[in-house]
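Student: Dropping the sequence and predicted coords here.
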Amino acid sequence: MNSSRKVRSGDTVKVHYTGKFDDGSVFDSSKDREPLQFTLGKGGLIRGFEEAVEGMAEGEARTVKIPPDKGYGQRREELVFKIKKEVFPPMIEKKIGAMLELRQPDGGILEVQISDVTEDFVVLDGNHPLAGKDLLFEIEVVEIS
């Protein structure tokens, strides 16, 4: 382990992390699986996470709070919409929490979650489930290569 080397853009890094909400509840963790591997600066992770890892050394651990603007963004109400039950595809189970992929007019895919089911409507939410939330991450750099 070379503890004097610091993570910089272009490095491939392995980290263990635990992501929590302000109330301390855990929403994700790598502790019981292989460390997360990524290349810093490629944009594969949220900006706040990459910024937190940059400059860390192997074996170093830190806890950071990432606001929505450096995480998954603010919630956008225009990404929440209702579909009348009678036009909702009958073969799709109308279960709260279910994830669906919708094809957009430009051919892109929008992932949405069923957030509510009423007597007349199915409510779909295209926001990332972590949008609008402050995220607390405990990060430990396992390896830099």
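Tutor: Great, that's in hand.

Student: Over to the residue nearest to E143 when sequence neighbours are not counted: give its phi and psi.
Tutor: The shortest distance from E143 to any non-neighbouring residue, by Cβ to Cβ, 6 or more residues apart in numbering, is to K14 (4.2 Å). In short, each C-beta sits where N, CA and C put it, glycine included. Per-residue torsions, K14: phi -120, psi 130 (degrees, to the nearest 10).

Student: thought K14 was touching P35?
Tutor: Yes - with contacts counted by Cβ atoms under 8 Å, K14 reaches P35, the gap being 4.1 Å.

Student: Which residues are in contact with each of the two?
Tutor: Residues touching both K14 and P35 (Cβ atoms under 8 Å, 6 or more residues apart in numbering): 142-143.

Student: that older thread, okay, the residue nearest to E143: pLDDT?
Tutor: Listed pLDDT for K14 reads 98.

Student: Run through the bridge partners of it.
Tutor: Q37, E143 (DSSP bridges).

Student: Might you report the residue contacts of it?
Tutor: By Cβ under 8 Å, 6+ apart, the neighbours of K14 are 35-37, 141-143.

Student: Please indicate which of those are buried?
Tutor: 35-36, 141-142 (16 or more other Cβ atoms under 10 Å).

Student: Just name the closest of those to Q104, please.
Tutor: Closest approach to Q104 among these (Cβ to Cβ): L36, at 29.3 Å.

Student: how distant is the lowest-mean-pLDDT helix or strand in the chain from the center of its chain?
Tutor: Here the helix or strand of the chain ranked lowest by mean pLDDT, DSSP states H and E is strand 99-103, holding a mean of 92. Strand 99-103 sits 17 Å away from the centroid of its parent chain (Cα atoms, centre = their mean, to the nearest Å).

Student: ok, now stretch 114-128?
Tutor: Using Cα atoms, centre = their mean, the offset of stretch 114-128 from its chain centre is 20 Å.

Student: Can you get me the start-to-end distance on that stretch?
Tutor: 12 Å (Cα to Cα, to the nearest Å).

Student: what does stretch 37-54 give?
Tutor: First residue to last in stretch 37-54 (Cα to Cα) measures 14 Å.
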